[in-house]
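Undergrad: give me coordinates for this.
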Amino acid sequence: MKISNETKVGAIAVVAVTLLILGFNFLKGKKVFSKSTTLYGMYGNVQGLQNSNPIIINGLQVGTVYKISTDKDMRRIMVELNITKDINIPQNSIALIKPNPIGTTSIEIKLGDAVANLKSKDTIYTEANAGVFNDILKKVDPVLYEVRKAVSSLDTLMVNINSVIDPRAKNNISGTLENLNRVTYGMIASTASLQALLNQQTGSLAKTLNNMNSITANLANQNSKIDNVVSNMDKATSKLAALDIQKTLNTLDATVNDLKSMVGKFNSNSGSLGLLLNDTKLYNNLASTGNKLNLLLDDIRVNPKRYVNISVFGKKQNNSPLLIPLPDTLNAPYYIEKVKTN
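TA: Numbers count the residues shown, from 1 in each chain. Here you go, the predicted structure:
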């Protein structure tokens, strides 16, 4: 069987293209006939990282950088990692870019402790690396390195806070700080008032304490008198305790009962005193008798000759007797009865 020249040229061209593709992939660090794992990492600065740069885990190269791509604003750079060795990478592992001034920039993967592992096409955690300067600073002055790291973290935190807090929240915080200043001023004024109150010379509390000291001093000086008063009170209570209070109460109760009985008799019409107090007839009779007595006395005073005649030569007075008493006293008017004229 004779093979034509065109077939030979075509076969050679296919083999050449295949070898070219295999060689290109080999130079890029991607093995064609072996199983590999592809991971993605997002960076803000790749620090001179290029395709085919090595990927190192614990000092051993396990793959190469396959592709680096970015968006138009250059804020996020995606690096495609080609892991050629069959290894397990925990999900919380971190891929760090390690620049080398005298060598090739590489990616170092810090293995985590998660149970689950990353799969192909997964995204690995990344962290910005400050480069060789931080490594040198860490070795020369560890304290200054930690301070610089803390300041960087604090700056990042403040930026995040400023991005989260909206203008309305900022205004609220400003109002809160203003209110806090007012409260502080009020506390200062209250402290001044309290200081004036606690002043040992002119403070109200000092004056009150002085007055209390004077009162207690007076009480101490009058202690003997207080003891005498207490002693007298003790004696009085002893005498009261010695008295037969029950007997006195019984006597008083009997006296009250007798008084009630007497008052009851006064109010009733059965006795003489009750009749005297309650019977109007007796009052009228007494009043009538008084009127007659007054009439008699007035008649004797006006016409004494009718009752006593001491004149030897005179004759007996024949005036008619008084029928009503004379009202000679305004403060004691007489009780006037109707008298029938004969």
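
Undergrad: where are the low-confidence patches of the stretch 51-200 of the chain?
TA: Scanning the stretch 51-200 of the chain for pLDDT under 70 picks out 128-149, 151-170, 200.

Undergrad: where exactly do the strands run in it?
TA: Along the stretch 51-200 of the chain, counting by DSSP state E, counting those that start in this stretch, strands occupy 54-57, 60-70, 77-83, 94-98, 106-110, 122-123, 125-127.

Undergrad: now the second one against strand 106-110, angle please.
TA: In this case it means strand 60-70. Interaxial angle, strand 60-70 versus strand 106-110 (axes from the mean of the first three to the mean of the last three CA atoms, to 10 degrees): 110 degrees.

Undergrad: could you do the fourth one as well?
TA: Between the direction of strand 94-98 and that of strand 106-110, the angle (the same axes, to 10 degrees) works out to 150 degrees.

Undergrad: so which residues make contact with strand 94-98?
TA: 39, 41, 43, 45-47, 49, 55-56, 81, 105-110, 112, 124-127, 129 (CB atoms under 8 Å, 6 or more residues apart in numbering). Where C-beta positions appear, they are placed from N, C-alpha and C, glycine not excepted.

Undergrad: with the second one instead?
TA: Counting contacts by CB under 8 Å, 6+ apart, the residues outside strand 60-70 that touch it are 28-30, 36-38, 46, 49-56, 76-85, 87, 107, 109.

Undergrad: mind redoing it with 6 Å?
TA: Strand 60-70 has contacts (CB atoms under 6 Å, 6 or more residues apart in numbering) with 29-30, 51-55, 77-80, 82-85.

Undergrad: got the CA positions of stretch 241-249 in CSV?
TA: Provided in CSV are the C-alpha atoms of stretch 241-249 (Å, rounded to 0.1, in the frame of the first residue of the first chain):
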residue,chain,number,x,y,z
ALA,A,241,-48.5,48.0,139.0
ALA,A,242,-48.9,47.7,142.8
LEU,A,243,-52.4,49.3,142.7
ASP,A,244,-55.4,47.0,142.7
ILE,A,245,-56.7,48.4,139.4
GLN,A,246,-59.4,45.7,139.1
LYS,A,247,-60.9,46.6,142.4
THR,A,248,-60.9,50.3,141.5
LEU,A,249,-62.6,49.5,138.2
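
Undergrad: following the helix or strand hosting T208, which helix or strand shows up next?
TA: Element membership of T208, judged by DSSP states H and E, is helix 204-221. As assigned by DSSP H and E, the chain's next helix or strand after helix 204-221 is helix 223-242.

Undergrad: check which residues of that following helix are buried.
TA: Of all the residues in helix 223-242, not one is buried under the rule 16 or more other CB atoms under 10 Å.

Undergrad: tell me the angle of it relative to helix 204-221?
TA: Using the same axes, to 10 degrees, one finds that helix 223-242 and helix 204-221 are set 60 degrees apart in direction.

Undergrad: begin at 49 from now on, thanks
TA: I'll keep to 49 as the first residue from here, and by that count the last item is helix 271-290.

Undergrad: and the next helix or strand past helix 271-290?
TA: With elements assigned by DSSP H and E, the helix or strand that comes after helix 271-290 is helix 293-315.
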